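Q: okay, here's the prediction I keep looking at, along with the sequence it came from:
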Amino acid sequence: MKGHRRLILVLCVALVGCGTILAYAAGPNKTSREFREQFIKNFRRTGMDTTISDAMMLRILVESARCKRGIEVGSYKGFGAINMGIGFERTGGHLFTLEIDPRRVKDCRENLKTVGLEKTVTCIEGDALKTLATLQGEFDFVFIDAVKQDYFRYFKLIEPKLKPGAVIVADNVIRSAGAMKDFLDYIQKSPNYDTVIIRASLEKRDGMSISYKIK
Ligand SMILES: C[S@@+](CC[C@H](N)C(=O)[O-])C[C@H]1O[C@@H](n2cnc3c(N)ncnc32)[C@H](O)[C@@H]1O
């Protein structure tokens with residue numbers, strides 16, 4: 001009996017040891033909450049990336065409205081896309097993020113892969129004024145964050161694809177209000193949308209519009 005026990009103990013220790021070695025060799029679990037939080041915290045952001053609070057607000061909007069199909073216009077390095085992507089992963093949805101600059105497309109795809117979101121978020125290369133037309137089906141979430149003067153043009157391409165109940169977020173609507181006057185006039189005056197302008201981030205002197213498509 002004593003011999004058996006010793007053998008079982010040795011086997012257990014060997015199994016734990018092998019497990020530890022395999023886990024170490026496989027590297028960090030890139031889909032774990034801890035790994036992603038660290039990645040987001042250590043992300044080398046510039047003024048072009050969405051702020052941490054704005055990105056979290058986008059994620060919460062996706063999650064709370066249980067959004068299933070989203071569009072982001074202007075991916076940059078994917079900071080916003082990663083944060084929204086975590087939300088879409090939880091809702092079982094998908095995000096399409098559109099980026100014109102091939103270097104940024106590469107950065108965005110690499111970053112998405114690093115945190116294991118490459119299946120939940122698709123980065124589409126090209127001018128959104130052209131690629132938006134290629135997106136099929138209906139959408140219930142939009143984040144517009146590219147050329148400020150073109151917000152209304154992006155939105156008019158997206159609007160026919162929007163479901164009632166869709167959430168539309170636009171960035172930089174305070175400091176660039178003049179450049180996107182046509183977009184803001186439309187979304188604030190149309191009886192089809194409820195709209196509010198908020199500042200979720202104290203990091204920048206700017207804000208976002210959040211609209212809800214009533215019908
Ligand atoms: C402010 S950054 C986007 C930041 C990103 N949304 C985030 O959450 O971190 C704007 C991006 O829009 C891209 N862009 C500009 N014009 C575009 C267009 N016509 N189509 C697609 N992307 C465009 C720029 O190359 C840039 O990477």
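A: Everything's here; your move.
Q: going forward, measure contacts between C-alpha atoms and count neighbours the same way
A: OK.
Q: which residues in the protein form helices?
A: Ranges of helices within the chain are 2-26, 33-42, 52-64, 79-91, 102-114, 128-131, 151-158, 181-189, based on DSSP state H.
Q: now the second one: buried residues?
A: Right, the one you point to is helix 33-42. By neighbour count with 16 or more other Cα atoms under 10 Å, helix 33-42 contains the buried residues Arg36, Phe39, Ile40.
Q: so how far is Ala200 from the first one?
A: In other words, Arg36. Applying Cα to Cα, to the nearest Å, the value for Arg36 to Ala200 is 21 Å.
Q: just to revisit the earlier point, would JSON lines of the helices of the chain with distance to the ligand and mean pLDDT be doable?
A: Listed next are these as JSON lines, based on distance: least, Cα to the nearest ligand atom, whole Å; pLDDT from 0 to 100:
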{"stretch": "helix 2-26", "distance to the ligand": "29", "mean pLDDT": "62"}
{"stretch": "helix 33-42", "distance to the ligand": "11", "mean pLDDT": "95"}
{"stretch": "helix 52-64", "distance to the ligand": "7", "mean pLDDT": "97"}
{"stretch": "helix 79-91", "distance to the ligand": "3", "mean pLDDT": "98"}
{"stretch": "helix 102-114", "distance to the ligand": "6", "mean pLDDT": "98"}
{"stretch": "helix 128-131", "distance to the ligand": "4", "mean pLDDT": "98"}
{"stretch": "helix 151-158", "distance to the ligand": "9", "mean pLDDT": "98"}
{"stretch": "helix 181-189", "distance to the ligand": "16", "mean pLDDT": "98"}
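Q: just name the most buried of those.
A: Counting by mean count of other Cα atoms under 10 Å, helix 79-91 has the highest mean neighbour count of those, with a mean of 25.
Q: for it, packing partners?
A: If you count contacts as 3 or more Cα pairs under 8 Å, 6 or more residues apart in numbering; DSSP states H and E, helix 79-91 packs onto helix 52-64, strand 94-99, helix 102-114, strand 121-125.
Q: that helix versus helix 33-42: what angle between them?
A: Per axes from the mean of the first three to the mean of the last three Cα atoms, to 10 degrees, the angle that helix 79-91 makes with helix 33-42 is 160 degrees.
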